[in-house]
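*Asks:* Build the 3D model from these lines:
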Amino acid sequence: MAEARDVSVVIPAFNEARGIAQTVAGLKPQGFAEILVVDDGSTDDTAAQAEGAGARVVRHPYNKGNGAAVKTGIREASSPVLLLMDADTQHDPAEALKLIAPIGIYDLVIGARALGDQSALRAFGNAVFRALASWLTGRPIPDLTSGYRAAKRPALLDIIHLLPNGFSYPTTSCLSMMKSGHSVLFVPIVARARVGTSKIRPFQDGFRFILIIFKIVTLYAPLRVFAPIAGFSLLTGIAYGIWNVVNFDKIPMGAAMLIQLGVVVFLFGLISEQIASMQDRR
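*Replies:* Residues are numbered from 1 along each chain as shown. Below you'll find the predicted structure:
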C-alpha cells in the first residue's frame, strides 16, 4: 500500500496560470515527496505561479504537448509511485489518497468520472471510446480518458515509448497497462468545473483516440482486430456465393474475392499475433 511520502505528483501545465497555484496549494498539506509541475512552454506565468505555491518546476522550451509533458514528469520524478493530475482544478486534491492507497496491489489506479461530470458532447464521445475499448480488451473500462491516476513509476517507464505527445496519453497508458498484464483498478471520483478553457479539440482528438485504441490493441492482441474483420468478410462472401448459386447457378467474382480477403486478413492476424508474442517474450 503506497503512502504520500512515496509519491511524486506530476502535473503537466500549458497556460494554466489561473488554476495551477490552487492545485498545488491543495496538494501541499498531504505530505507528498514532491510536487512536480512540467510547464509545457507556457506563454503566461504558469511557472512562476507554480513555484510560488511550492512546486518544483521543469520547463519545456516550447509547447510539445500534454503527453510530452507527462513523459518529462515520469523521467524527472524521484519517487517509486506517481500521481498524475491536471492543472485546471477539475481534479480534487482531497481525492488523491484514494488513488495512491491501492498502489502496490495494483500497478495503475484510474479516477473514473461519472457521466454527469462531463459535457454532453464529451460524455457521448467517451461512452463510444469506452464501449470500443471494452470490446477490444475484453474488460469493462468505466473511464478511458481520465487524467487523474496513480501508477508505479517502473510500470510507466516500461510503456513510456508508446505514449503520444498529444492529449491521448491517458488512453494509451490505460490500454497498454491492461494488455501487457498489469493490474488496473478504477476508482470513482468527482470531477469539478475546470478553470479556463479546454485545449482538447473534440473531433480531431476524438479521431486520434479511436486510432490509438486500435493501435494499442493491435500491438498486444492483433486477432482482437483482425479476426472480426476476417470473419465478416468470409461469412459475407460465403453467403453471397450461396445466394448466387441458388438463384443464378454460379459463384460471382465478388463472393470469391470476399472469401479470399477473409482468409488473407486472418493470416495477417496470425502473423501479427506471433510478432506480438515475440515482443512479449523479449
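
*Asks:* what's the span of stretch 132-141, first residue to last?
*Replies:* 10 Å (CA to CA, to the nearest Å).

*Asks:* tell me the mean pLDDT for it?
*Replies:* Mean pLDDT, stretch 132-141: 81.

*Asks:* before we move on, what about stretch 40-48?
*Replies:* Taken as a whole, stretch 40-48 has a mean pLDDT of 94.

*Asks:* got it, and stretch 192-210?
*Replies:* Taken as a whole, stretch 192-210 has an average pLDDT of 65.

*Asks:* Any idea how far apart the tips of it sit?
*Replies:* Stretch 192-210 has an end-to-end distance of 26 Å (CA to CA).

*Asks:* Just confirm Ile74 contacts Pro154, I think it does.
*Replies:* No. At 10.2 Å, Ile74 and Pro154 do not qualify as touching, with contact defined as CB atoms under 8 Å. Every residue, glycine included, has its C-beta placed from N, CA and C.

*Asks:* Compare the two and say which one has the larger neighbour count.
*Replies:* Ranked by neighbour count (other CB atoms under 10 Å), Ile74 and Pro154 place Ile74 first, with 23 against 10.

*Asks:* What segments of the stretch 101-250 of the chain are strands?
*Replies:* Counting by DSSP state E, counting those that start in this stretch, the stretch 101-250 of the chain forms strands over residues 108-113, 149-152, 184-189, given from the N-terminal end onward.

*Asks:* Columns mean neighbour count, distance to Gln90 and mean pLDDT on top of these, output as CSV?
*Replies:* Listed next are the strands of the stretch 101-250 of the chain as CSV, based on neighbours: other CB atoms under 10 Å; distance: least, CB to CB, whole Å; pLDDT from 0 to 100:
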stretch, mean neighbour count, distance to Gln90, mean pLDDT
strand 108-113, 24, 9, 93
strand 149-152, 26, 14, 96
strand 184-189, 18, 10, 94
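
*Asks:* what would those look like in JSON lines with distance to Leu235?
*Replies:* As requested, these are exported to JSON lines (distance: least, CB to CB, whole Å):
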{"stretch": "strand 108-113", "distance to Leu235": "37"}
{"stretch": "strand 149-152", "distance to Leu235": "40"}
{"stretch": "strand 184-189", "distance to Leu235": "34"}
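
*Asks:* can you pull the contacts of Gly138?
*Replies:* Under the criterion of CB atoms under 8 Å, 6 or more residues apart in numbering, the contact list for Gly138 reads Arg224.

*Asks:* Same question for Gly54.
*Replies:* In this structure, Gly54 makes contact with Val24, Ala25, Lys28, Ile35, judged by CB under 8 Å, 6+ apart.

*Asks:* Please pick the buried ones from these.
*Replies:* Val24, Ile35 (16 or more other CB atoms under 10 Å).

*Asks:* ok, of the contacts of Gly54, which one's closest to Asp92?
*Replies:* Within the contacts of Gly54, distances to Asp92 taken as CB to CB reach their minimum at Ala25, with 12.8 Å.

*Asks:* wait, is the closest one part of a helix?
*Replies:* Yes. Assignment of Ala25 by DSSP: H, G, I helix; E, B strand; the rest coil places it within a helix.

*Asks:* Hmm, Gly52 and it touching each other?
*Replies:* No. Ala25 lies out of contact with Gly52 (CB under 8 Å); the separation is 9.8 Å.

*Asks:* Dihedrals phi and psi, the closest residue to Lys28 other than its chain neighbours?
*Replies:* Spatial nearest neighbour of Lys28, excluding adjacent residues (CB to CB, 6 or more residues apart in numbering): Gly54 at 5.5 Å. Its backbone dihedrals place Gly54 at phi 110, psi 10, with angles given as degrees, to the nearest 10.

*Asks:* Return the distance of Gly54 relative to Asp45.
*Replies:* With distances defined as CB to CB, to the nearest Å, the gap from Gly54 to Asp45 amounts to 16 Å.

*Asks:* Please apply the same query to Phe268.
*Replies:* Taking CB to CB as the criterion, Phe268 is separated from Asp45 by 52 Å.

*Asks:* can you list the weak-confidence ranges in the chain?
*Replies:* Per-residue confidence for the chain (pLDDT under 70) gives these ranges: 115-123, 125, 194, 196-206, 209, 278-282.

*Asks:* Okay, domains of it per the record?
*Replies:* Using automatic domain parsing, the domains assigned to the chain come out as 4-219, 223-281.

*Asks:* among those domains, which is the most enclosed?
*Replies:* domain 4-219 (a mean of 19; mean count of other CB atoms under 10 Å).
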